[in-house]
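Chemist: Quick one: sequence plus predicted model below, questions after.
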Amino acid sequence: MKNGKSKHVLVAGGAGFLGSHLCDALLSEGAHVTVLDNFQTGRKQNIRHFEREPRFDIIDSDIIKPLPARLRSKRMKIDEVFNLACAASPPHYQADPEHTMLTSVVGTHNLLTFAEATGARFFLASTSEIYGDPEVHPQTESYWGNVNPTGPRACYDEGKRAAETLTFDFDRLGRVDVRVARIFNTYGPRMRADDGRVVSNIICQALAGDDITVYGNGSQTRSFCYVSDLVDGFLRLMAFEGPFPGAVNLGNPVELTVGDLAEKVLAMTGSSSRIVARPLPIDDPRRRCPDISLAKRLLGWSPRTSLDAGLKTTIAWFSEDQPENGKAVQKVPNLGNTISAG
């Protein structure tokens, strides 16, 4: 993997869950990191530990607007652009669906044209949501998906599909060197308690002693990748040298039912919470699991963190009193067994 000492990297969405962990990894490699974030869902406490780092700076801006003049200055040479900027959990991206779609389309276009102007390599954080409620299992990159284009999740699902289209077109035209990762369920410290994801929902409900809401009969399957493993995949894919491989699935291929996850969290927390059933939300996928053969072959990548080890760290993080996140044991919304990029 390329040494980061001489690199200047722009991370759009760098104050978010995944983005902040990516910044940790890039800085540890010696890169200079500039974060571009509008703090819609990203949080300043995620990157506060960088405040005195001379190789780190923040630009508060929204990628759907023209990029700040500071970025477009000829004096700022950017080597790599990571586009992680988009609300990624259903309650957040459905809160302003127009903005979600514009972030994926207009925002991605703005960052692609910026990468073209600066000669930077471009990385798109896409999502397993482009597969929708899949009819093929596990999901390979060649699968075109089964997406409802007009449902409540479409602003994100179709937005990311459009972002991939733009990215692939820039590559086909020889305008930008691109990398695309399709991210499956990811969890770990710095998740928001109110993001509606299945891991954070179950952990927070268990810690609070609230009923644990499982949607349907709990037989829906998910796969869970620990955040440090995913970031390792990001770095390997961005550093990959060779013909453009197309989109690459990054996720954990170990499949687990939501009901089994709830039972595991109950056991690990010692919680007395009850598991209660609720109706399935609209377009909630029945099964979701990546085929990561391509990532293994091209990148030598596969997840290393066991679910038990990752959950132990994540539960400990949520157990702490985090004032800016609200109490970790606050009540969380009942939003389904959601899947999102993070």
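Modeler: Received it, and whenever you're ready, just let me know what you need.

Chemist: Shouldn't Ala117 be within a helix?
Modeler: Yes - secondary structure of Ala117 (DSSP: H, G, I helix; E, B strand; the rest coil): part of a helix.

Chemist: can you pull the contacts of it?
Modeler: If a contact means C-beta atoms under 8 Å, 6 or more residues apart in numbering, then Ala117 has Arg72 as its contacts. Just so you know, the C-beta spots here come from the backbone N, C-alpha and C atoms, and that holds for glycine as well.

Chemist: rerun that using 10 Å as the cut-off
Modeler: Ala117 makes contact with 67, 71-72, 74, 78, 176 under the criterion C-beta atoms under 10 Å, 6 or more residues apart in numbering.

Chemist: Please report how far it lies from Ser73.
Modeler: For Ala117, the distance to Ser73 equals 11 Å [C-beta to C-beta, to the nearest Å].

Chemist: Got the confidence number for Arg222?
Modeler: pLDDT recorded at Arg222 is 89.

Chemist: SS state for it?
Modeler: Under three-state DSSP, Arg222 comes out as strand.

Chemist: pretty sure it is touching Leu256, no?
Modeler: Yes - if you go by C-beta atoms under 10 Å, Arg222 and Leu256 touch, sitting 6.3 Å apart.

Chemist: Near Arg172, how many other residues are there?
Modeler: Arg172 has 10 neighbours, counted by other C-beta atoms under 10 Å.

Chemist: which one is Pro97 nearest to, not counting chain neighbours?
Modeler: Ranked by C-beta to C-beta, 6 or more residues apart in numbering and with sequence neighbours excluded, the top spatial neighbour of Pro97 is Cys155, at 3.6 Å.

Chemist: which SSE is the one you found in?
Modeler: In this structure, Cys155 is located in helix 154-172 according to DSSP states H and E.

Chemist: Kindly report the same for Asp57.
Modeler: strand 56-60.

Chemist: ok so, going back, out of the contacts of Ala117, which is most surrounded?
Modeler: Result: Val176 is most packed of the contacts of Ala117 (other C-beta under 10 Å), 22 neighbours.

Chemist: what residues are up against that one?
Modeler: So Val176 contacts 81, 111-122, 167, 169-170 (C-beta under 10 Å, 6+ apart).

Chemist: Mind checking which of the residues you listed are buried?
Modeler: Taking 16 or more other C-beta atoms under 10 Å as the criterion, what is buried in the contacts of Val176 is 81, 111-112, 114-116, 118, 120-122, 167, 170.

Chemist: would you turn the residues you listed into JSON lines with distance to Ser142 and pLDDT?
Modeler: Below are those laid out as JSON lines (distance: C-beta to C-beta, whole Å; pLDDT from 0 to 100):
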{"residue": "Val81", "distance to Ser142": "26", "pLDDT": "98"}
{"residue": "Leu111", "distance to Ser142": "26", "pLDDT": "98"}
{"residue": "Leu112", "distance to Ser142": "24", "pLDDT": "98"}
{"residue": "Phe114", "distance to Ser142": "30", "pLDDT": "96"}
{"residue": "Ala115", "distance to Ser142": "26", "pLDDT": "97"}
{"residue": "Glu116", "distance to Ser142": "28", "pLDDT": "96"}
{"residue": "Thr118", "distance to Ser142": "32", "pLDDT": "94"}
{"residue": "Ala120", "distance to Ser142": "28", "pLDDT": "97"}
{"residue": "Arg121", "distance to Ser142": "24", "pLDDT": "97"}
{"residue": "Phe122", "distance to Ser142": "22", "pLDDT": "98"}
{"residue": "Thr167", "distance to Ser142": "17", "pLDDT": "98"}
{"residue": "Phe170", "distance to Ser142": "21", "pLDDT": "98"}
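
Chemist: any idea where the strands of this protein begin and end?
Modeler: 8-12, 32-37, 56-60, 80-83, 121-127, 178-183, 186-187, 212-215, 221-223, 225-226, 247-250, 255-257, 275-278 (DSSP state E).

Chemist: the inter-axis angle of the longest one versus helix 154-172?
Modeler: Relative orientation of strand 121-127 and helix 154-172, computed by axes from the mean of the first three to the mean of the last three C-alpha atoms, to 10 degrees: 150 degrees.

Chemist: For strand 121-127, what is the distance to the chain centroid?
Modeler: How far strand 121-127 lies from its chain's middle: 11 Å, per C-alpha atoms, centre = their mean, to the nearest Å.

Chemist: got it, and the fourth one?
Modeler: A distance of 14 Å separates the centroid of the chain from that of strand 80-83, by C-alpha atoms, centre = their mean.

Chemist: so who does Lys44 touch?
Modeler: 15, 20, 37, 51, 58, 60, 324 are the contacts of Lys44 under C-beta under 10 Å, 6+ apart.

Chemist: Go again with 7 Å.
Modeler: Ala15 (C-beta atoms under 7 Å, 6 or more residues apart in numbering).

Chemist: ok, so what distance separates it from Ala15?
Modeler: Using C-beta to C-beta, Lys44 is found at 6 Å from Ala15.
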